[in-house]
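J.: Output the structure for:
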Amino acid sequence: MEHQIIKDKELLALLQQLQQSGAPASLFVEDQGMGSENGTIESIREEKGTHLITMNGNRSFTLQQVMAVNGTYRTGFSTC
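T.: Residues are numbered from 1 along each chain as shown. Predicted coordinates:
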């Protein structure tokens, strides 16, 4: 199975589109190890030059921690 690879700016646009539509999102994140977060994106805000993504009202991640969204991977992601 081949995955789509996108740049950070495109990843942010995809996250914003999912937030605005209320569509479910499945994020693959680096947060003290690799993990996943599923649900809806509650908010995306910029703080001190970093975009913060809040899922389901509880967990927040920076854009740099998001490695993939719904099977679309960011440029430079590697499992090695």
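J.: and the residue nearest the centre of the chain, what does it touch?
T.: Central residue of the chain (Cα atoms, centre = their mean): Val66, 4.1 Å from the mean position. Neighbouring residues of Val66 by Cβ atoms under 8 Å, 6 or more residues apart in numbering: Leu11, Leu15, Leu27, Phe28, Val29, Ile53, Arg74. For glycine as for every other residue, the C-beta is placed from the backbone atoms N, C-alpha and C.
J.: now the third one, nearest residue through space, not along the chain?
T.: For Leu27, ignoring the flanking residues on the chain, the nearest one in space by Cβ to Cβ, 6 or more residues apart in numbering is Glu37 at 4.6 Å.
J.: same deal with the last one?
T.: Nearest residue to Arg74, sequence neighbours excluded (Cβ to Cβ, 6+ apart): Leu11, at 5.2 Å.
J.: Assumed that neighbour was part of a strand.
T.: No. Applying DSSP: H, G, I helix; E, B strand; the rest coil, one finds Leu11 to be helix, outside a strand.
J.: Now do stretch 21-33: distance from first to last residue.
T.: Distance across stretch 21-33, first residue to last, is 29 Å (Cα to Cα, to the nearest Å).
J.: for stretch 24-37, same thing?
T.: Note: stretch 24-37 ends 11 Å apart using Cα to Cα.
J.: residues of that stretch that come out buried?
T.: Ala25, Leu27, Phe28, Val29, Glu37 (16 or more other Cβ atoms under 10 Å).
J.: Centre of the chain to that stretch, how far?
T.: Mean C-alpha position of stretch 24-37 versus that of the full chain (Cα atoms, centre = their mean, to the nearest Å) differs by 8 Å.
J.: So what touches the worst-scoring helix or strand of the chain on mean pLDDT?
T.: When each helix and strand of the chain is scored by mean pLDDT, DSSP states H and E, strand 4-6 comes last, with a mean of 75. Strand 4-6 is contacted by residues Leu14, Gly71, Thr72, Tyr73, Arg74, Thr75, Phe77 when judged by Cβ under 8 Å, 6+ apart.
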